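Trainee: Sharing a model prediction with you, sequence too.
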Amino acid sequence: MLQLGYKASAEQFGPRELLEFAALAEEYGFDSVAVSDHFQPWRHTNGHAPEAFTWLGAATQRTRRVRLGTSVTTPTFRLHPSVVAQAAATLALLSNGRFFLGVGSGESLNEVPATGIQWPGFKERAGRLREAVELMRRLWREEFVTFEGRYFRTHKATLYDRPPDGVPLFIAATGPKAAELAGRYGDGFICTSGKAWELYREQLLPAVERGAREAGRDPAAIERLIEIKVSYDTDRDRALADTRIWAALALSQEDKVAIETPLDMERAAQKVVDQAHRRWIVSSDPDEVVEKVRPYVELGFRHLVFHAPGDDQARFLRLFSEQVLPRLRRAFG
């Protein structure tokens, strides 16, 4: 079943303003709201970074229908997986089952400043994420969990308020190794738009399926969520200009993964500001948006979360819900 969501950009807006956008998204007919989880934003100037789980608690009470989730949090460095498991269980109960937990292996910008750690390589980050997933799932279904992992430990830990069926767990990936992890252990898989088609078609999605089959799971049962970067406005010049504040997205994963401060990220992004629009669908034509979204749906993504770059999110939500959402539902619903 097609689901059309809204990305709540915690890097760009403060908590109260962001909460209003989430409520508007529900009012305008979106199916989900996914919030980013950053300790620090991707730019220092006018940056924001409200704490995601606190914000989601408020969102569970301001909304009644939309699914709510993290896209994504890192349960391996500044947040211990047992604490994330507790927060996720509470949010699942507060939302009457509307919450999903999206997790990833993290970036230096969010983890190093808060903890002072030495940023490890991917092998350790993946190992930590694998352990965190195992521990959180055990905490959602068992009592007195004693866990002895390489990276994490618990001693007779019990979550006293937890949903009977656990929490839907989505795993984000930018490469095939993490995507295989999503196939092995995740209820869902998360990635972002605007990259080479070969990455999705030949690496990420086959890795999800391979991981699922090797674990004896049905690949079709894994929900596929993609964040689609779209700058839509009736004024195309305005839509194009809106992308410039998100120039950091034009940096490669390798270029940004080890950056540790918003000031450094902002400086790096200035070098590619004229390329910012390349990661976005920039359009004033709703039918053009549908056609540019079509390849993602044909690849098997059925949960589409739209991330708009502009400061006037209320305008985007209104225009997109009136002019684009109905077309998407007719085309793919």
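Mentor: Yes, it's here.
Trainee: Please identify the buried residues of stretch 211-230?
Mentor: Residues of stretch 211-230 classed as buried: 211-212, 217, 219, 222-230 (neighbour count, 16 or more other C-beta atoms under 10 Å). The way it works is simple: take the backbone N, C-alpha and C, and place the C-beta from them, glycine included.
Trainee: Oh, that last question was meant for stretch 162-170, not what I typed.
Mentor: 162-163, 166-170.
Trainee: ditto for stretch 322-333
Mentor: 323-325, 328, 332.
Trainee: Looking at the buried residues of stretch 162-170, which are in strands?
Mentor: 169-170 (DSSP state E).
Trainee: mean confidence score for stretch 266-275?
Mentor: Across stretch 266-275, pLDDT averages out at 86.
Trainee: From one end of it to the other, what's the distance?
Mentor: Start-to-end span of stretch 266-275 (C-alpha to C-alpha, to the nearest Å) is 14 Å.
Trainee: do the same with stretch 115-130
Mentor: Stretch 115-130 end-to-end distance (C-alpha to C-alpha) = 21 Å.
Trainee: go on, stretch 237-246?
Mentor: 16 Å.
Trainee: pLDDT below threshold where in the chain?
Mentor: For the chain, the stretches with pLDDT under 70 are 257.
Trainee: in which helix or strand would I find the closest residue to Arg64 other than its chain neighbours?
Mentor: Nearest non-adjacent residue to Arg64, counting by C-beta to C-beta, 6 or more residues apart in numbering: Glu26, 7.3 Å away. In the assignment (DSSP states H and E), Glu26 maps to helix 15-27.
Trainee: With only the CA atoms kept, save the following helix or strand past that helix in CSV.
Mentor: Downstream of helix 15-27, the first helix or strand assigned by DSSP H and E is strand 32-35. Provided in CSV are the C-alpha atoms of strand 32-35 (Å, rounded to 0.1, in the frame of the first residue of the first chain):
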residue,chain,number,x,y,z
SER,A,32,3.6,9.7,7.9
VAL,A,33,6.0,12.2,9.5
ALA,A,34,9.7,11.1,9.8
VAL,A,35,12.0,13.3,11.9
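Trainee: Which other helices and strands does the helix or strand just after strand 32-35 contact?
Mentor: Sequence order places helix 52-62 as the next helix or strand after strand 32-35, per DSSP H and E. If you count contacts as 3 or more C-beta pairs under 8 Å, 6 or more residues apart in numbering; DSSP states H and E, helix 52-62 packs onto helix 15-27, strand 32-35, strand 67-70, helix 81-94.
Trainee: Could you check the angle helix 52-62 makes with helix 81-94?
Mentor: Inter-element angle recorded for helix 52-62 and helix 81-94: 10 degrees (by axes from the mean of the first three to the mean of the last three C-alpha atoms, to 10 degrees).
Trainee: Rebuild the helices and strands packed on helix 52-62 as TSV, extending it with mean neighbour count.
Mentor: Below are the helices and strands packed on helix 52-62 laid out as TSV (neighbours: other C-beta atoms under 10 Å):
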stretch	mean neighbour count
helix 15-27	18
strand 32-35	26
strand 67-70	26
helix 81-94	22
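Trainee: Would you format the ones you listed as a markdown table with distance to Ser283 included?
Mentor: As requested, the helices and strands packed on helix 52-62 are exported to a markdown table (distance: least, C-beta to C-beta, whole Å):
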| stretch | distance to Ser283 |
| --- | --- |
| helix 15-27 | 20 |
| strand 32-35 | 22 |
| strand 67-70 | 26 |
| helix 81-94 | 34 |
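Trainee: What are the boundaries of the strands in the stretch 151-300 of the chain?
Mentor: All strands of the stretch 151-300 of the chain, identified by DSSP state E, counting those that start in this stretch, fall at 153-157, 169-172, 188-192, 223-232, 281-283.
Trainee: Which one of the ones you listed lies nearest to Ser9?
Mentor: Among those, strand 223-232 comes nearest to Ser9, with 10.5 Å by C-beta to C-beta.
Trainee: May I have the strands that pair with that closest one, each with its orientation?
Mentor: Partners of strand 223-232 in the sheet, by DSSP bridges, are strand 188-192 (parallel), strand 281-283 (parallel), strand 303-307 (parallel).
Trainee: hmm, back to that, am I right that the residue nearest to Arg64 is in contact with Glu20?
Mentor: No. If you go by C-beta atoms under 8 Å, Glu26 and Glu20 don't touch, sitting 11.1 Å apart.
Trainee: Now tell me what touches stretch 156-165 from outside.
Mentor: 82, 85-86, 89-90, 92-93, 97, 139-140, 143-147 (C-beta atoms under 8 Å, 6 or more residues apart in numbering).
Trainee: Spatially nearest residue to the residue nearest the centre of the chain (excluding sequence neighbours)?
Mentor: In the chain, the residue lying closest to the centroid (C-alpha atoms, centre = their mean) is Ser71, at 1.9 Å. Leaving aside its chain neighbours, Ser71 sits nearest to Ala34 (3.8 Å; criterion: C-beta to C-beta, 6+ apart).
Trainee: and the residue nearest to Thr45 when sequence neighbours are not counted, what is it in contact with?
Mentor: The shortest distance from Thr45 to any non-neighbouring residue, by C-beta to C-beta, 6+ apart, is to Glu266 (6.4 Å). Residues near Glu266 by C-beta under 8 Å, 6+ apart: 42-45, 248.
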